[in-house]
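Novice: sequence and predicted structure, then a few things I'm wondering about:
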Amino acid sequence: MSWLALIALFLYLALGWHFCRTRLAGRGTVHAGIEHGLLLLALALHGFALWPALAVPPLHFGAGEALSVTAWLALLIYLVGHLAFQLEGMEPPVLALAVILLGASILLPPGHALTYPQNGVSRLHFLTAMLAYGLFANASGVALLMRLADKRLHHATASLLVQKLPPLLALERLLFACVWVGFLLLTVALITGATFSEEIFGKALEFNHKIVFSIAAWLVFGGLLIGRKVRGWRGLVATRWTLFGFILLLFGYIGTRLVLDVILHRAGA
């Protein structure tokens with residue numbers, strides 16, 4: 001299915017060039033319906049390219065799959081978020097992220113096949129964990145955009161790309177939407193992980209570095225959501241907590257997979 005990923009990459013590149021030309025340079029004609037239709041087509045092709053590795057047993061996972069899922073979710077979040085929030089101007093950085101991540105995933109070696117016995121619970125754990133990581137990665141990207149948008153309010157000489165970003169309030173709402181959904185998915189991933197470990201291996205989850213970092217990240221994101229509800233946390237406070245939580249997740253699994261798959265060329269568990 002790599003040819004589907006290549007077609008999706010080409011469409012992302014073409015759309016990125018188009019959005020930079022029409023939104024940043026002010027040239028050409030804007031056709032929102034056609035633009036979103038092509039984005040949906042690219043997203044569908046990208047999803048079909050991911051499907052065998054993530055949904056057809058035996059499941060496969062590695063650094064490449066993690067980057068590709070993050071890119072796919074970035075476009076999905078933009079398209080869904082565009083229906084609820086004012087996200088005009090977010091297209092160039094989102095498409096640039098998608099091109100970089102998908103391009104890197106195509107160059108990386110395929111992920112290893114998951115060797116543990118698979119059933120409905122273990123597959124649900126795998127899928128929710130992957131989606132949670134991808135959502136928190138995108139939440140971190142939104143947090144960085146919020147920091148750039150904040151600079152726009154204080155510096156009249158901000159770059160054109162920063163000036164064209166969506167309003168800070170829209171980015172903040174998108175950030176917390178990503179954190180809420182990601183927190184729920186991570187909760188399901190932790191619960192199903194403990195459940196299938198007990199069913200398949202006859203013992204509870206071992207507290208290795210992945211579990212410890214995942215639980216720590218869950219506590220950080222849970223704390224952020226409580227702080228938002230109780231104390232009205234927003235702005236730079238929210239971005240700091242989001243970035244810290246994602247760094248914990250990165251250390252816990254995706255960073256490990258990148259080292260094993262790319263540097264050491266191993267297929268660890």
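Specialist: Looks like it arrived, so ask away. Numbers count the residues shown, from 1 in each chain.

Novice: for the stretch 101-250 of the chain, which spans come out with low pLDDT?
Specialist: 115-118, 152-161, 197-208 (pLDDT under 70).

Novice: helices of that one, residue ranges please.
Specialist: Shown for the stretch 101-250 of the chain, the helices assigned by DSSP state H, counting those that start in this stretch span residues 120-154, 160-163, 168-201, 209-231, 235-249.

Novice: looking at those helices, which is nearest to residue 83?
Specialist: Distance to residue 83, taken as C-beta to C-beta, is lowest for helix 168-201 among the helices of the stretch 101-250 of the chain, at 11.5 Å. Glycine gets a C-beta too; all of them are placed from N, C-alpha and C.

Novice: buried set for the closest one?
Specialist: The neighbour-count check on helix 168-201 (16 or more other C-beta atoms under 10 Å) flags 168, 170-183, 185-186, 188-190, 192-193, 195-197 as buried.

Novice: so which elements touch it?
Specialist: helix 63-84, helix 120-154, helix 209-231, helix 235-249 (3 or more C-beta pairs under 8 Å, 6 or more residues apart in numbering; DSSP states H and E).

Novice: mind exporting the shortest one as PDB, just the C-alpha atoms?
Specialist: Only the C-alpha atoms of helix 235-249 are listed here, as PDB (Å, rounded to 0.1, in the frame of the first residue of the first chain):
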ATOM      1  CA  GLY A 235      -2.800  30.100  27.400                       C
ATOM      2  CA  LEU A 236       0.900  29.500  28.300                       C
ATOM      3  CA  VAL A 237       0.000  27.400  31.400                       C
ATOM      4  CA  ALA A 238      -2.000  25.000  29.200                       C
ATOM      5  CA  THR A 239       0.700  24.800  26.500                       C
ATOM      6  CA  ARG A 240       3.400  24.000  29.100                       C
ATOM      7  CA  TRP A 241       1.400  21.100  30.600                       C
ATOM      8  CA  THR A 242       0.500  19.800  27.200                       C
ATOM      9  CA  LEU A 243       4.100  19.800  26.000                       C
ATOM     10  CA  PHE A 244       5.400  18.200  29.200                       C
ATOM     11  CA  GLY A 245       2.800  15.400  29.000                       C
ATOM     12  CA  PHE A 246       3.600  14.700  25.400                       C
ATOM     13  CA  ILE A 247       7.400  14.500  26.200                       C
ATOM     14  CA  LEU A 248       6.600  11.900  28.900                       C
ATOM     15  CA  LEU A 249       4.700   9.800  26.300                       C
END
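
Novice: list of residues touching it?
Specialist: Applying C-beta atoms under 8 Å, 6 or more residues apart in numbering, the external contacts of helix 235-249 come out as 133, 136-137, 139-140, 142-144, 146-147, 150, 168, 172, 175-176, 179, 213-214, 216-217, 220-221, 223-224, 227-228, 233.

Novice: how many degrees apart are that helix and helix 168-201 in direction?
Specialist: 20 degrees (axes from the mean of the first three to the mean of the last three C-alpha atoms, to 10 degrees).

Novice: same question for the third one.
Specialist: Relative orientation of helix 209-231 with respect to helix 168-201: 140 degrees, computed using the same axes, to 10 degrees.
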